[in-house]
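Student: generate coordinates for the sequence data below:
(2 chains)
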Number of protein chains: 2
Amino acid sequence: MQSREMQLKRRPVGMPVAEDFALVTADLPPPSPGEVQVRNLWMAVDPAMRGRMSDAKSYVPPFALDAAMEGPAIGEVVASADPEFAPGDLVFSRLGWREAFNAPARALRHRDRTRLPPQAYLGFAGSTGLTAYAGLLRIAQLREGDVVFVSAASGAVGSIACQIARIKGCKVIGSAGGPRKKAFLEEVIGVDAAIDYKAEPNLTKALAREVKAIGASGIDVNFENVGGDHLQAALALANPRARFAICGMISQYNVTEPSSAPRNLTMLMTKSIRMEGYIVLDHMDLEPQFLADMIAWHDAYLIRQAETVHEGIERSLDALWGLFSGDNLGRTLVRLG
Amino acid sequence: MQSREMQLKRRPVGMPVAEDFALVTADLPPPSPGEVQVRNLWMAVDPAMRGRMSDAKSYVPPFALDAAMEGPAIGEVVASADPEFAPGDLVFSRLGWREAFNAPARALRHRDRTRLPPQAYLGFAGSTGLTAYAGLLRIAQLREGDVVFVSAASGAVGSIACQIARIKGCKVIGSAGGPRKKAFLEEVIGVDAAIDYKAEPNLTKALAREVKAIGASGIDVNFENVGGDHLQAALALANPRARFAICGMISQYNVTEPSSAPRNLTMLMTKSIRMEGYIVLDHMDLEPQFLADMIAWHDAYLIRQAETVHEGIERSLDALWGLFSGDNLGRTLVRLG
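Tutor: Below is the predicted model of the structure:
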């Protein structure tokens, strides 16, 4: 069996270019004892992969040169030399960026193919979904009737956060950049109010306007993906005892001089605000309840996968460019099989 | 009976001056039914009083002109026309800035004069003590062995926070401005390490040095009174899952342009930090346990009142100037009786 895989050939400087990568065809022998052979159906592309292309010190190791990159993938067992897996099983792995692979059984996780479409396990039923779920329900202690502000609301995590908040009986104000994303929030995701932050000279005034428009006095929960001006607006409009789940601050990652916003952190005291950062790996204990909820919500047509799909391993770099250009809506996926 | 009281005569612009106030002598009739006559023993002066001298909108009403100002006081019942109070009782009230007063019984709270010196109820056993106690034990969830960073550590709240943290088996690094306050922290309060922030060109480097000096990897708890550069240093040196109790941000209160620090809020995510503002009024349910703990710690010589005392109502304005000039250590008190 053969597999095409996307290898990193050199470490990008600034925005990655095509010459940093190569599509290579590899031969796959039958699996050795304890190994499983998997054909990938879908892989996901996310911004954290850019970090692993560099060899700067981080809490995850960099991608090796001249080897296939890695990332979340969902696939089907083709052949198995391990008693826990059988041909036809649906499995999750971190071995994306390749069409097929052999791996030790411990690198795989079973997923129930009868309940959800396979790519849901890379989206609303995967770690992006769990990130939204843990942030809202555990970190922000979401309650029915809360007014929730979600930044980067059209993104992989934000689009799920908006839907979970609505399912839980909350009002949702989503922010995203550009009229296309704003329309996506209003028409596909279904928020109570949407803000195109690129069209707003003053984000705090824009949020105040939308809070008023939905008949609220302020926001009770902030699901923060952006930071900077978004965080400043959320602090300014926060109700007393508001809870902020700090999921990301993408506005701060690629700047040489970090933003001077927010300049209103004294609101933390005057409004008794709680602000908490988290990483999803610390909340894996929620996974069983999370999966049960997601399957139930999916069955009731309450949650939908927001995704941008690219076709084939040969288009996987387009998925990457789309991520950085801001063209992608929801989760960025590549269909491999 | 006569009482001298300090009245506000006009609203100060910038730093208050003597001409904004007048010491006035008032006649006190015997208490009417339901009233109690109290002779004040001590009053406290705190920075929040400056806010009430202005008539800007706030969550507490401004002081009236041509009337005695208000503030925490501890006094002794002289005469009572209410069954709940008897001459000789020790009582807490918000009716400071006067030598004696008549007030309805509901404006008074009994305090146990057999267990603590009267002025302790304006300090470690009063709302400043409860602010430190609630911030460390409830908001920051202090645990034995934590490394705790306290800013404004020589102040009314900070000096108690340092002592509570030590009692709870934590290591404490305190920051204060100037060699006199640093020595006070080291010799009177008894911290593990003290920083004179005015002598440090880079507070983050100074905190890193002291963390290392006490054999720690970082800080687990930040008790924040200052904000700005202090908060930035605390974020930079925080251990994973550190808890920040945001009690105050005094560096931000009197500036026209809020500080651009901290510029490292992304640490909230990368270290899963929780940062929570609070006001002591939301934590009054802790008072019985707090008072029991404080009395036990006082009896065991584990806690001491850090205070700067001025003598007599005629010196009460000196207490106020000392507060703003930074001359005062610990709680600022005026002895009235």
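Student: any idea how far A:G248 lies from B:G177?
Tutor: Separation of A:G248 from B:G177 (CB to CB, to the nearest Å) stands at 36 Å. For glycine as for every other residue, the C-beta is placed from the backbone atoms N, C-alpha and C.
Student: of the two, who's got more company?
Tutor: Counting neighbours by other CB atoms under 10 Å in any protein chain shown for A:G248 and for B:G177 shows that A:G248 has the greater number, 23 against 16.
Student: go ahead and confirm the more buried one touches A:H230.
Tutor: No: the criterion here is CB atoms under 8 Å, and A:G248 misses it with A:H230 at 10.4 Å.
Student: list residues touching both of the two?
Tutor: A:E224 (CB atoms under 8 Å, 6 or more residues apart in numbering or on different chains).
Student: any residue of stretch A:133-146 up close to chain B?
Tutor: No: Stretch A:133-146 does not reach chain B (CB under 8 Å from any CB of the partner chain); its nearest approach is 8.7 Å.
Student: quick check: buried residues in that stretch?
Tutor: A:Y133, A:A134, A:G135, A:L136, A:L137, A:R138, A:I139, A:A140, A:L142, A:D146 (16 or more other CB atoms under 10 Å in any protein chain shown).
Student: narrow these to those in helices?
Tutor: A:Y133 (DSSP state H).
Student: possible to save the buried residues of stretch A:133-146 as CSV with pLDDT?
Tutor: Below are these laid out as CSV (pLDDT from 0 to 100):
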residue, pLDDT
A:Y133, 98
A:A134, 98
A:G135, 98
A:L136, 98
A:L137, 98
A:R138, 98
A:I139, 98
A:A140, 98
A:L142, 98
A:D146, 98
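Student: biggest strand in chain A by residues?
Tutor: Longest strand of chain A, by residue count under DSSP state E: strand A:35-45.
Student: what mean pLDDT does that strand have?
Tutor: Average pLDDT, strand A:35-45: 98.
Student: partner strands of it, parallel or antiparallel?
Tutor: strand A:73-80 (antiparallel), strand A:100-104 (antiparallel), strand A:331-335 (antiparallel) (DSSP bridges).
Student: apart from its neighbours in sequence, what residue is nearest A:T128?
Tutor: Distances taken as CB to CB, 6 or more residues apart in numbering or on different chains put A:A156 closest to A:T128, at 4.5 Å, once the chain neighbours are dropped.
Student: list the contacts for that neighbour?
Tutor: A:D46, A:G123, A:T128, A:A306, A:G330, A:R331, A:T332.
Student: now, which of the residues you listed sits nearest B:T204?
Tutor: The closest of the contacts of A:A156 to B:T204 turns out to be A:D46 (CB to CB; 31.2 Å).
Student: isn't the closest one right next to A:E70, touching?
Tutor: No: under the criterion of CB under 8 Å, A:D46 is not in contact with A:E70, lying 11.5 Å apart.
Student: that older thread, out of the buried residues of stretch A:133-146, who's nearest chain B?
Tutor: Of all the buried residues of stretch A:133-146, chain B sits closest to A:I139, with 8.7 Å by CB to the nearest CB.
Student: mind listing what that closest one touches?
Tutor: Here A:I139 is in contact with A:R243, A:A245, A:E276, A:Y278 (CB under 8 Å, 6+ apart).
Student: so which of those residues reach chain B?
Tutor: Among the contacts of A:I139, chain B is touched by A:E276, A:Y278 when using CB under 8 Å from any CB.
Student: between the contacts of A:I139, which is nearest chain B?
Tutor: Nearest to chain B among the contacts of A:I139 is A:E276, at 4.2 Å by CB to the nearest CB.
Student: list the contacts of the closest one.
Tutor: A:I139, A:A140, A:R243, A:F244, A:A245, A:I246, B:L268, B:S272, B:I273, B:R274, B:M275, B:E276 are the contacts of A:E276 under CB under 8 Å, 6+ apart.
Student: let's go with 6 Å and repeat that
Tutor: A:I139, B:R274 (CB atoms under 6 Å, 6 or more residues apart in numbering or on different chains).
Student: with A:I164 instead?
Tutor: A:A132, A:L136.
Student: so which strand or helix has it?
Tutor: Here A:I164, judged by DSSP states H and E, is contained in helix A:156-167.
Student: and that helix, what's buried?
Tutor: By 16+ other CB under 10 Å, the buried positions in helix A:156-167 come out as A:A156, A:V157, A:G158, A:S159, A:I160, A:A161, A:C162, A:Q163, A:I164, A:A165, A:R166.
Student: pick the one among the residues you listed closest to A:A238.
Tutor: Distances from A:A238 to those, taken by CB to CB, are shortest for A:A165, at 15.9 Å.
Student: residues from chain A in reach of chain B?
Tutor: Within reach of chain B by CB under 6 Å from any CB of the partner chain, chain A has these residues: A:246, A:249, A:252, A:258, A:260, A:263, A:266, A:268-269, A:272-279.
Student: out of those residues, which are buried?
Tutor: Of the residues of chain A next to chain B, these count as buried by 16+ other CB under 10 Å: A:246, A:249, A:252, A:258, A:266, A:268-269, A:272-278.
Student: please convert the residues you listed to CSV, extending it with secondary structure and distance to A:A22.
Tutor: What follows is these, written out as CSV (DSSP: H, G, I helix; E, B strand; the rest coil; distance: CB to CB, whole Å):
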residue, secondary structure, distance to A:A22
A:I246, strand, 38
A:M249, coil, 33
A:Q252, helix, 32
A:P258, coil, 35
A:T266, coil, 52
A:L268, helix, 49
A:M269, helix, 54
A:S272, coil, 55
A:I273, coil, 49
A:R274, strand, 48
A:M275, strand, 44
A:E276, strand, 42
A:G277, strand, 37
A:Y278, coil, 37
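Student: among the residues you listed, give me the pair with the biggest separation.
Tutor: It's A:P258 and A:S272 that sit farthest apart of these, by CB to CB, at 26.2 Å.
Student: how about the strands paired with strand A:35-45 in TSV, adding distance to B:A18?
Tutor: Formatted as TSV, those follow (distance: least, CB to CB, whole Å):
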stretch	distance to B:A18
strand A:73-80	75
strand A:100-104	80
strand A:331-335	67
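Student: most neighbours per residue, which of these?
Tutor: strand A:331-335 (a mean of 25; mean count of other CB atoms under 10 Å in any protein chain shown).
Student: output stretch A:272-279 as CSV, restricted to C-alpha atoms.
Tutor: Extracted in CSV, the C-alpha atoms of stretch A:272-279 (Å, rounded to 0.1, in the frame of the first residue of the first chain):
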residue,chain,number,x,y,z
SER,A,272,-15.8,41.7,40.6
ILE,A,273,-14.9,40.0,37.3
ARG,A,274,-13.3,36.6,37.1
MET,A,275,-10.9,36.0,34.2
GLU,A,276,-9.5,32.6,33.6
GLY,A,277,-7.2,31.1,31.0
TYR,A,278,-7.2,27.4,30.3
ILE,A,279,-6.0,24.7,27.9
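Student: now it: mean pLDDT?
Tutor: On average, stretch A:272-279 scores 96.
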